[in-house]
Each structure stands twice: as C-alpha cells, then as structure tokens.
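>>> Need the 3D shape of this:
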Amino acid sequence: MSSSTTPKFKVKLVAKGFRQEYDVDFDEIFSPVVKMTTLRFMLDIVVAEILEKTTFLHGDVKEEIYMEQPKGFVTSGQEHLVCKLKKILYGLKQASRQWYKKFDNFIQSVGFSKSNEDHCLFTKPTRDGSPIFLIIYVDDMLLSDRHTGAKLVQQLRLKFAMKDFGPARHILGMKISRNRNRKQLFLSQTDYIG
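Residues are numbered from 1 along each chain as shown. As a prediction, this is how the structure comes out:
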C-alpha cells in the first residue's frame, strides 16, 4: 500500500443471534438461496447483459427483541439499559426470513412473478415481450438486464437502502469474466468473500 492510500474499514452492527431462543425470540427461520440450476440458467442467459448486485437487509421485527448496548456506546450511569430493536440486524436467526418476506411482497407489487420451481427466481415481461430475470441469494441480487431493469433499480433504491456494485464480478466464491464479443462467460475459483 502506498503512503497516499488511506485504508478503508467497514463496520457492521451484528446481534448475538446465538443467544436467541426458539419460540421466545423467533418462531421461524429461512435463508433465501437460489437453486444452482437456476443460477446456471441465469448466468447462461445473461452472458451479453450486465448484472446488478445489491446488498440490503431491512426486515421488520415481528417479536420484541432486545440486545445489549454495543461497546463504545454505553453512557456512564446507564450501563444497565438495553436496546429495543426496531429493525432486523445481521446475526439474528430470523434476519434472512424477515428480509425475504419484505422483498417478496415488494417485488411482486411492482409486477414480478415468483417462480413455482425456485422461490428465489422472479420474472417480469417487458414491453417487447422479453423477460427480466431477477434472482436472490440470501441478501444479494442479480438482475438480468440493467438497462431494462433501470426502473426497478430506482424503485428498489426508494424502498431499501442498497448499494449498486455494477456488473457482477463475483458470485458464490467464483470470479465471473466475460468475452462479450464471443458471448462467453467464464467462472473461476477465487478467495473473494462478500
């Protein structure tokens, strides 16, 4: 690293989900994970397209959940207080399920249909009849056509805090590279996490 490069650090508040008790702090759990056959299909059809990847986890809290105050945020004399969660945090057992429910309701409200074969695959026909495909894997999303899906990306940004990472370069620990002229897609192993 050169002396002019400033390192960037990310911080994420994570709840201690390992301390939750079934039927007390949560009733059901579920992580939306696309089937591998659907993922291969998606990568097959979007060789000439740009993929959109987003990360957001904004599920609504169904139960009353409290957590200890994070270190560094405790006010002197108020160490005994706890935080009541208004939104789901990473680390909670029900985080993925609650986010999926919220995402599923929203995406269907804007005209997408959920596949009966894979509940992590959504489709929507465009004016010219060609479909937009959208798949989710836990809290990441791949969109088959960025240009046609631009309106969806705008709607998602209004509903959820999300990041646009641009064309997908990594998925499930694999590096994605393309030769657009030959309409070829290559996957290779990588040590990328995220």
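
>>> tell me the residue furthest from the middle of the protein?
residue 77 (38.5 Å; Cα atoms, centre = their mean).

>>> how near is the residue nearest to the spatial centre of the chain to residue 102?
Nearest to the mean C-alpha position of the chain, counting by Cα atoms, centre = their mean, stands residue 139 at 1.9 Å. Per Cβ to Cβ, to the nearest Å, residue 139 is found 11 Å from residue 102. Bear in mind the C-beta positions are built from the backbone N, C-alpha and C, glycine included.

>>> cool, and residue 93?
In terms of Cβ to Cβ, residue 93 sits 16 Å off from residue 102.

>>> got it, and residue 135?
17 Å.

>>> which of these two has more neighbours?
residue 135 (25 against 18; other Cβ atoms under 10 Å).

>>> so that one, which of the three states?
Assigned state for residue 135: strand (three-state reduction, DSSP: H, G, I helix; E, B strand; the rest coil).

>>> OK, contacts around the residue nearest to it when sequence neighbours are not counted?
Nearest residue to residue 135, sequence neighbours excluded (Cβ to Cβ, 6 or more residues apart in numbering): residue 34, at 4.6 Å. Residues near residue 34 by Cβ atoms under 8 Å, 6 or more residues apart in numbering: 42, 118, 120-121, 135-137.
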